[in-house]
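Asks: Next comes the sequence, and after it the predicted model I'd like to discuss.
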Protein chains: 2
Amino acid sequence: MVTIKDVAKQANVSIATVSRILNNQPGYTEKTRMKVQQVIEELGYKPNAVARSMISRNTQTIGVLFPDVSSMLSSEILRGIEDVAHQNNSSVIVCHTAEDGIRTHKYLKLLHEKRVDGLIFVSESLCEEYYETIKSMDIPLVLVSTMSYKHQVPYVKVDDCNAAYTAVNHLIENGHTRIGMISGNQHDLIAGRPRVEGFKEAMQHNGLQAGEDDVVYQDGFSFIDGKGGVVRLLEQSRNLTAIFAASDDIAIGAMSVLHKMGRKVPEDISIIGYDNLPTAEMMIPPLTTIAQPFSEMGANASEMIFHMLKDKVKSTQSRIMRHELVVRESVKKL
Amino acid sequence: MVTIKDVAKQANVSIATVSRILNNQPGYTEKTRMKVQQVIEELGYKPNAVARSMISRNTQTIGVLFPDVSSMLSSEILRGIEDVAHQNNSSVIVCHTAEDGIRTHKYLKLLHEKRVDGLIFVSESLCEEYYETIKSMDIPLVLVSTMSYKHQVPYVKVDDCNAAYTAVNHLIENGHTRIGMISGNQHDLIAGRPRVEGFKEAMQHNGLQAGEDDVVYQDGFSFIDGKGGVVRLLEQSRNLTAIFAASDDIAIGAMSVLHKMGRKVPEDISIIGYDNLPTAEMMIPPLTTIAQPFSEMGANASEMIFHMLKDKVKSTQSRIMRHELVVRESVKKL
DNA sequence: TTAAATCAAGTAAACGTTTACGTTGGATTA
DNA sequence: TAATCCAACGTAAACGTTTACTTGATTTAA
């Protein structure tokens, strides 16, 4: 591998001069600059970022932790993160925690040793232990699609309660009064509960009833959960004309079994989702849903990291992203 | 930031001793080991991987280039790559090339400067320029879901022609004789052409006709391409009872407009896809398709990289992955 | 009892940069 | 003509490790 020394020797100058040229600082004539540039081309010299990092004490690298790298949601967020990281001449290291504590800790240790400049934590609750280890790393941290009640960590997120309200309100505006909800995990204080609250609030504000029979809690937010959820919901809550699903995957799972049961969407029953994954518009019928701007959320998180890095500030303002109602064809006007 | 020096000082030993303990090499008593370990805990010392990289001349990091990080396909491959990278104590840096030459070159330069140990190139044709720059980096390179006719670069891939044959054959076995195909890009020699060839071969081997009217070429492999493709196909090719789509997204796009046209899948027309994305099983009806083992492909590529790294060998055997027919409900038996 | 061997531990060079500081020599000034 | 200045470099230390080599004490062998 060719080093700055080789370039210096070949060009008959000191390494300091080469370094100055590389970082275009003053201190050399145009003639020597040309000569050095030429030698660099000839030898195919590429500065060693590792050596640079030793001195500059930064690695131009940030780490991102996902519970599941391969979910549609993660990958859009990742795209946003990567995009602005790239604009800031930084790379992103992805980590797949699989929601496993041991694994997560191993990653945190690795990222610490690699001296990443910042950390983004996606869709996973920041437990005490994680927080402490990250705090000891003393680098910017931003949360995406999650937050911490206990610690003041900047996050970017939509207002789930508000977004759920929007969804349910849309159903109501279309004349629905008997509405059920298939929720995700009841104990998920970040993405689970608030959506249920939004549902209930929308109902109450419109003078409609929403009892415990009208919402069904599943383990997660997946297709399978949707399949199971709709069966349970239909059993315990009668005469429903519309369903609010806590995720698009749930909505699609529900549509799937509704179709098997011979109940048509939206003719027999309306359904609204949450997320606006690419799949939503590909459904039959295309799914009306609440859009979360995933890639923008990732981009914002990245921006926050680089802002903290540049301004050498410990924290920054959290951002509540605007959600958006995307009307398609799964909700019928009564 | 606490360094090995601080630990050494605090423990009253030399940094060499600390280093030896860290890398558990011989040369110290159990007593000093204990003492040093204790100091390490106290100070919360974490070895600096950057400094290590300077000496060991490797970064425990590989780079991965995707044309589109946020596609379902990419993210599953990424999961596989990341998983075995993690097993090998390495990190992965993701790059989103957006199929842009300038951008790709910038990434390649960045990864070179960062001295990544290896490179994985996904789903994008390795043009001459890229090949040359990567060759000059002198690190292992593996291709995924693509290959190079010109250069001997190890790749992992399914046999597209063969897989397409399997798909079409399944249609034929179910009694279909009038079969059309919606292809991706005609000029894509890696994923485009071979699937068309597989289609034609299957038809011919079964004594069926497959003229140029029976296949329609789109720009890409997306939902939109499927929508446009099915319209064109239905115009130019009459009496079709089945369609082979070159990707699941195409298949789903086709299903979408077929539904609008009032033609039921599979009652009126059968359809088979290619990829087996998560969306396939969520469709109504669930899509019969050819599965590519994406995450395994990623895992294999990673393994190949680490194999080349460990055995200090310049190349390795390419791997053709087994595709699989996944029978669901979009193909009707005639 | 002594030479040889073993072992714990230290010293210092090396990895490839950046940068504070020192050194030239020619141009400008007094 | 000497003093001063400045641009254009060069020198060497520093970043935090690993590791070849050295040292000195202790054990072993004869």
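Replies: Perfect, I can see it now. Numbering: from 1, shown residues only, chains lettered A, B, ... in the order given.
Asks: State the number of residues packed around the closest residue to A:A280 other than its chain neighbours.
Replies: Nearest non-adjacent residue to A:A280, counting by CB to CB, 6 or more residues apart in numbering or on different chains: A:L287, 4.1 Å away. The way it works is simple: take the backbone N, C-alpha and C, and place the C-beta from them, glycine included. Residues lying near A:L287 (other CB atoms under 10 Å in any protein chain shown) number 28.
Asks: And A:L287, how close does it get to A:T279?
Replies: Separation of A:L287 from A:T279 (CB to CB, to the nearest Å) stands at 8 Å.
Asks: Are we agreed that A:I272 is in a strand?
Replies: Yes - A:I272: assigned to a strand according to DSSP: H, G, I helix; E, B strand; the rest coil.
Asks: which element is A:I182 on?
Replies: Using DSSP states H and E, A:I182 sits within strand A:179-183.
Asks: same question for stretch A:185-193, mean pLDDT?
Replies: What stretch A:185-193 shows for mean pLDDT is 90.
Asks: Please apply the same query to stretch A:91-100.
Replies: On average, stretch A:91-100 scores 97.
Asks: show me where pLDDT drops low in the stretch 101-250 of chain A?
Replies: By pLDDT under 70, the stretch 101-250 of chain A has no low-scoring segment.
Asks: and A:C95, how many neighbours?
Replies: What A:C95 shows, counting by other CB under 10 Å, is a neighbour count of 25.
Asks: so it makes contact with A:Y107?
Replies: Yes - here A:C95 reaches A:Y107: they are 4.3 Å apart, a contact under CB atoms under 8 Å.
Asks: Mutual contacts of the two, please.
Replies: Counting by CB atoms under 8 Å, 6 or more residues apart in numbering or on different chains, the contacts common to A:C95 and A:Y107 are A:G63, A:L65, B:H86.
Asks: Pretty sure the second one sits against A:S123.
Replies: The reference is to A:L65. No - the pair A:L65 and A:S123 fails to qualify as a contact (CB under 8 Å) at a distance of 9.2 Å.
Asks: Those two - which one has more neighbours?
Replies: Using other CB under 10 Å, the more surrounded residue of A:L65 and A:S123 is A:L65, with 25 against 20.
Asks: and the residue nearest to the spatial centre of chain A, what are its phi and psi?
Replies: Compute the mean C-alpha point of chain A, and by CA atoms, centre = their mean the closest residue is A:I77, 4.0 Å away. A:I77 adopts backbone torsions of phi -60, psi -40, taken as degrees, to the nearest 10.
Asks: Excluding covalently adjacent residues, which one is nearest to it?
Replies: Closest to A:I77 by CB to CB, 6+ apart is A:G298, at 4.0 Å.
Asks: Only alpha carbons, please: show the helix or strand where that neighbour lies as CSV.
Replies: In the assignment (DSSP H and E), A:G298 maps to helix A:294-310. Output of helix A:294-310 as CSV, limited to C-alpha atoms (Å, rounded to 0.1, in the frame of the first residue of the first chain):
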residue,chain,number,x,y,z
PHE,A,294,-39.8,7.3,7.2
SER,A,295,-37.0,8.3,5.0
GLU,A,296,-37.4,11.9,6.1
MET,A,297,-37.4,10.8,9.7
GLY,A,298,-34.1,9.0,9.1
ALA,A,299,-32.7,12.1,7.3
ASN,A,300,-33.8,14.3,10.2
ALA,A,301,-32.1,12.0,12.7
SER,A,302,-28.9,12.2,10.7
GLU,A,303,-29.1,15.9,10.5
MET,A,304,-29.5,16.1,14.3
ILE,A,305,-26.5,14.0,14.8
PHE,A,306,-24.3,16.1,12.5
HIS,A,307,-25.7,19.3,14.0
MET,A,308,-24.7,18.1,17.5
LEU,A,309,-21.3,17.1,16.1
LYS,A,310,-20.6,20.4,14.4
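Asks: what comes into contact with that helix?
Replies: Contacts to helix A:294-310, defined as CB under 8 Å, 6+ apart, come from residues A:58, A:62, A:73, A:76-85, A:88, A:90, A:117-120, A:140, A:142-145, A:154, A:156-158, A:313-316, A:319, A:321, B:70.
Asks: Identify each buried residue in that helix, please.
Replies: Neighbour-count burial for helix A:294-310, with 16 or more other CB atoms under 10 Å in any protein chain shown as criterion, is recorded at A:294-309.
Asks: ok, so of those residues, who is nearest chain B?
Replies: Nearest to chain B among the buried residues of helix A:294-310, counting by CB to the nearest CB, is A:S295 at 7.1 Å.
Asks: hang on, A:G253 is in a helix, isn't it?
Replies: Yes - A:G253 sits within a helix when classified using three-state DSSP.
Asks: Which element, helix or strand, includes the nearest residue to it once chain neighbours are set aside?
Replies: Among residues not flanking A:G253 along the chain, A:G226 sits closest, at 2.2 Å (CB to CB, 6+ apart). Here A:G226 sits within helix A:223-236, counting by DSSP H and E.
Asks: and that helix, what other elements does it pack with?
Replies: When contacts are defined as 3 or more CB pairs under 8 Å, 6 or more residues apart in numbering or on different chains; DSSP states H and E, helix A:223-236 packs onto strand A:179-183, strand A:215-217, strand A:242-245, helix A:248-260, helix B:278-282.
Asks: And the ones you listed: which comes nearest DNA strand C?
Replies: helix B:278-282 (44.3 Å; CB to the nearest atom of the strand).
Asks: What are the buried residues along that closest one?
Replies: For helix B:278-282, the neighbour count (16+ other CB under 10 Å) marks B:P278, B:T279, B:A280, B:M282 as buried.
Asks: now the last one: how far from A:S270?
Replies: The one in question is B:M282. Between B:M282 and A:S270 the computed distance is 19 Å (CB to CB).
Asks: repeat for the third one
Replies: Taking CB to CB as the measure, B:A280 falls 25 Å from A:S270.
Asks: Three-state assignment for the nearest residue to A:Q152 once chain neighbours are set aside, please.
Replies: Nearest residue to A:Q152, sequence neighbours excluded (CB to CB, 6+ apart): A:S315, at 6.6 Å. Of the three states, A:S315 takes coil under three-state DSSP.
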